[in-house]
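Novice: starting from these lines, generate the structure:
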Amino acid sequence: MIPLPELPPHLGQDFSADRVGLRRFGIAEIDLAIDFGAQNRAALVTQVLEQCTVAPEGRLPEGFYRELSAGKRLEYLLVLAAGGPERSLSLVYKCGGCGEELELELTLEELTELQREADMIETVGVELGGQRIEFRKPLGRDQEAWAGMVFRNEREAAAWMLYLLAVDPGMLSAIEHESLGAIEDALDEADPLIDFSCSVSCDECGEPNDYGVDLMETAIEMLSRAQRQLIGAVHRLASHYHWSEKDIFAVPDWRRRQYLELIAALRK
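Specialist: Residues are numbered from 1 along each chain as shown. Take a look at the predicted model:
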């Protein structure tokens, strides 16, 4: 079981997460039911996290993941996708100067430390027009709701989202459209995993390269790959032993791996 990453301070006071964790994705029959092509990516994240949570009854409140900040949910998803908090993500890019392949390694410890600092921030204050306006950080339920909305343009979408996040929406009536960017920047800074970027210098030509990294899609692709591997394992076992899908998942994961090793050895 993968330990549940540290809870935000304000949640840690409300309940105990002892013995709560995440099981590895890609070992259970139910993992085949996840549709990684779903349009509502936030709802997809919630589904995967809830499905992989191992918790004694009553130790995790209903709707727990929907009430987490977007960044915290992403931290949990990354830890699940990587298989543990001690793992790392390997990303490959091309240098903008010479085209050389660059490999970037992000450790989960580094990302978790960024999120730990972000967890200390519950609201974000922005000074605009001589007044300070407070915003809460977006939660999972906000992301799920926004995914189902249709807006005429990005400006309208941003204005509506910020209105919903404002602690006192009435204070936004006098805010100019030009100020929306400053508010978005402040919220991004308070949730660094959401709009994550990094810089890498090329060893060949010395060119500095800046990359934006969509950590949510990175984690989703890793989980989707684990699902494809599970489908392949089911296919090999069914083809060799003529077992049904139900029969295959009645066998513990560790024994299925041994059977797959025997099948692979026969093909050499």
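Novice: nearest residue to the residue most central in space within the chain other than its sequence neighbours?
Specialist: Closest residue to the average C-alpha location of the chain: Leu74 at 2.9 Å, with CA atoms, centre = their mean. Among residues not flanking Leu74 along the chain, Leu193 sits closest, at 4.8 Å (CB to CB, 6 or more residues apart in numbering). C-beta here means a position set from N, CA and C on the backbone, and glycine is covered the same way.
Novice: just say helix, strand or coil for the one you found.
Specialist: coil (DSSP: H, G, I helix; E, B strand; the rest coil).
Novice: now for it: which residues touch it?
Specialist: Going by CB atoms under 8 Å, 6 or more residues apart in numbering, Leu193 touches 71, 74-75, 78, 111, 114-115, 118, 215.
Novice: do that again at 7 Å, thanks
Specialist: Applying CB atoms under 7 Å, 6 or more residues apart in numbering to Leu193 gives the contacts 71, 74-75, 111, 114-115, 215.
Novice: what's the answer for Leu165, then?
Specialist: Leu165 makes contacts with 135-136, 138, as judged by CB under 7 Å, 6+ apart.
Novice: who wins on neighbours among those?
Specialist: With neighbours taken as other CB atoms under 10 Å, the top of those is Phe135, carrying 23 neighbours.
Novice: okay, and the beta partners of that one?
Specialist: Val124, Ala166 (DSSP bridges).
Novice: that one and Lys268, how far apart?
Specialist: Relative to Lys268, Phe135 is positioned 60 Å away (CB to CB, to the nearest Å).
Novice: just checking, what packs against the top helix by length along the chain?
Specialist: Criterion DSSP state H: the longest helix present in the chain is helix 215-241. On a contact count with 3 or more CB pairs under 7 Å, 6 or more residues apart in numbering; DSSP states H and E, helix 215-241 meets helix 41-52, helix 70-82, helix 245-249, helix 253-266.
Novice: distance of the residue nearest to Leu74 relative to Tyr163?
Specialist: In terms of CB to CB, Leu193 sits 24 Å off from Tyr163.
Novice: now do Ala264
Specialist: 57 Å.
Novice: which of the two has more neighbours?
Specialist: Tyr163 (13 against 10).
Novice: domain map for the chain?
Specialist: Domain assignment of the chain by automatic domain parsing yields the ranges 2-112+214-266, 123-194.
Novice: look up the closest residue to Asn40, ignoring the ones flanking it.
Specialist: Nearest in space to Asn40, with sequence neighbours left out and distances taken as CB to CB, 6+ apart, is Ala147 at 4.2 Å.
Novice: please, which helix or strand holds Val126?
Specialist: For Val126, the host element (DSSP states H and E) is strand 123-128.
Novice: how close does the nearest residue to Pro8 once chain neighbours are set aside get to Glu6?
Specialist: Nearest residue to Pro8 in three dimensions, chain neighbours excluded: Asp119, at 4.1 Å (CB to CB, 6+ apart). To Glu6, Asp119 is 8 Å away according to CB to CB.
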